[in-house]
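S.K.: Structure for the following, please:
(one chain, ligands or ions: 2)
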Amino acid sequence: MSQYLQGQTAIVTGGMRGIGLGIAQRLHAAGAQVVIWDLAVDGWDAAEQGFEPVLRQSVDVSSLASVEAAFAHVLAQVGQVEILVNNAGINGPVVPAWEYPPAAWDKVIAIDLNGVFYCCRTAIPHMRERGYGRIVNVASMAGKDGVQYISAYSAAKAGVIAFTKAAAKELAQDGVLLNCVAPAMVETPLMAEMTPEHIAASKAKIPMGRFLKVEEIANMVSWIAGPECSFTTGFVFDLSGGRATY
Ligand SMILES: NC(=O)c1ccc[n+]([C@@H]2O[C@H](COP(=O)([O-])OP(=O)(O)OC[C@H]3O[C@@H](n4cnc5c(N)ncnc54)[C@H](O)[C@@H]3O)[C@@H](O)[C@H]2O)c1
Ligand SMILES: CC(C)C1=CC=C(C(=O)O)[C@@H](O)[C@H]1O
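M.R.: Ligands and ions are numbered 1, 2, ... in the order given. Predicted coordinates for the structure are as follows:
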C-alpha cells in the first residue's frame, strides 16, 4: 500500500474497537504512526490487530482535562500531530424524546458532541502553528436525517456536522482542514445497542440493501486524512449506500 502518511502522527479516539480500530489499522497501513485514545486501553494484541500503536492512552473525551493532558503527553513523546480522527461515541437509550432521561441526554451530548469540540479545541492550535492538519469527525446519517428514538444521538451528530462546517471556515486559510463522515449502519457493538426493529428499519432505508463495512469507512477516512484531500473542508462525506438525499 502507498505510504502517503509516512512520517505523520494520527490520533484516533475510540480506537480500541469497531470503526475506530478499523480506521487506526488503515492509517497505520498508509504509513502513519497511530495514537489510540480510548476509555480503557489494556489488552491490545499487536498480532491480532496487525500493528503496534506508537501510544495507547486512557482518555475520556468528555473531559477537557483528560484530553489536554493526553495531548500534551503525545507532543512530549512524539513531537507532532498531523491527523485527528474524532470517532469515540456512544448511542444512549432508545426511547421517545419526551421520555429521554436528562442524565442520559447529557452523557450522549458530553461524549458525542462535546468530546469532538474538546479534542478539536486542544489539537487545533498545534496544527495552526505548524500550518498543517487534517481533522475527520465521525458523525452519522442520524445527524442528517434525525432517527426516531435516538434523539440525543441524532442531535449530537447534527451538532458535529454543524461544528465541523463552522470551524472549517475559520481554519480555511491555515492549512487545517476539517471534514466529517456520515456513515449509515455498520455492524459493531454500538449497533447492537439499537433494538432489532430499528436495525431492520435502518437497513431497509439503504438502497444497496446491506450494512456498511468498517473497511469502507476506513478507506474513505484515510483519504480525507491525507494530503490529497487539499481543497475540501467543512464537507460531509456520506457513506450511505445511496440513502443520503442531501
Ligand atoms: N456502528 C454504526 O452503525 C455507526 C454508524 C454511524 C456512525 N457511527 C459512529 O462511529 C463511531 C464509532 O462507533 P462504533 O460503532 O465503532 O462504536 P463502538 O461502541 O464499537 O466503539 C466506540 C469506541 O469509543 C469508545 N468510547 C466511548 N466513550 C468514550 C469516551 N468518553 N472517551 C473515549 N472513548 C470512548 C469506546 O470505548 C469504544 O472503543 C461513533 O462515533 C458512532 O456514533 C457508528
Ligand atoms: C446508534 C448508531 C448505531 C446508529 C444509529 C442509526 C443510524 C442510521 O443510519 O439510522 C446509524 O448511522 C448509526 O449511527
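
S.K.: Name the residues of the protein found near ligand 1, please.
M.R.: Neighbours of ligand 1 within the chain, by Cβ under 6 Å from any ligand atom: 13-14, 16-20, 38-39, 59-62, 87-90, 111, 115, 138, 140, 183, 185-186, 188-191. C-betas here are computed from N, CA, C, even on glycine.

S.K.: Residue 163 belongs to a helix, doesn't it?
M.R.: Yes - membership of residue 163 in a helix is supported by DSSP: H, G, I helix; E, B strand; the rest coil.

S.K.: wait, isn't it in contact with residue 117?
M.R.: Yes - with contact defined as Cβ atoms under 8 Å, residue 163 reaches residue 117; the gap is 6.3 Å.

S.K.: before we move on, the earlier item: take the residues of the chain next to ligand 1 and keep only those in strands.
M.R.: Secondary structure defined by DSSP state E assigns 13, 38, 138, 183 of the residues of the chain next to ligand 1 to strands.

S.K.: ok, and which of those residues reach ligand 2?
M.R.: Filtering these for proximity to ligand 2 by Cβ under 6 Å from any ligand atom leaves residue 183.

S.K.: would CSV of the ones in strands among the residues of the chain next to ligand 1 with neighbour count and pLDDT be doable?
M.R.: Formatted as CSV, these follow (neighbours: other Cβ atoms under 10 Å; pLDDT from 0 to 100):
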residue, neighbour count, pLDDT
13, 28, 99
38, 23, 98
138, 25, 99
183, 23, 98
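
S.K.: what about residue 202, neighbour count?
M.R.: 19 (other Cβ atoms under 10 Å).

S.K.: Quick check: the gap between it and residue 185.
M.R.: 5 Å (Cβ to Cβ, to the nearest Å).

S.K.: Next, the contact list for whichever residue of the chain sits closest to ligand 2, please.
M.R.: The minimum distance from the chain to ligand 2, using Cβ to the nearest ligand atom, falls at residue 140 (3.4 Å). Residue 140 makes contact with 153-154, 157, 182-183 under the criterion Cβ atoms under 8 Å, 6 or more residues apart in numbering.
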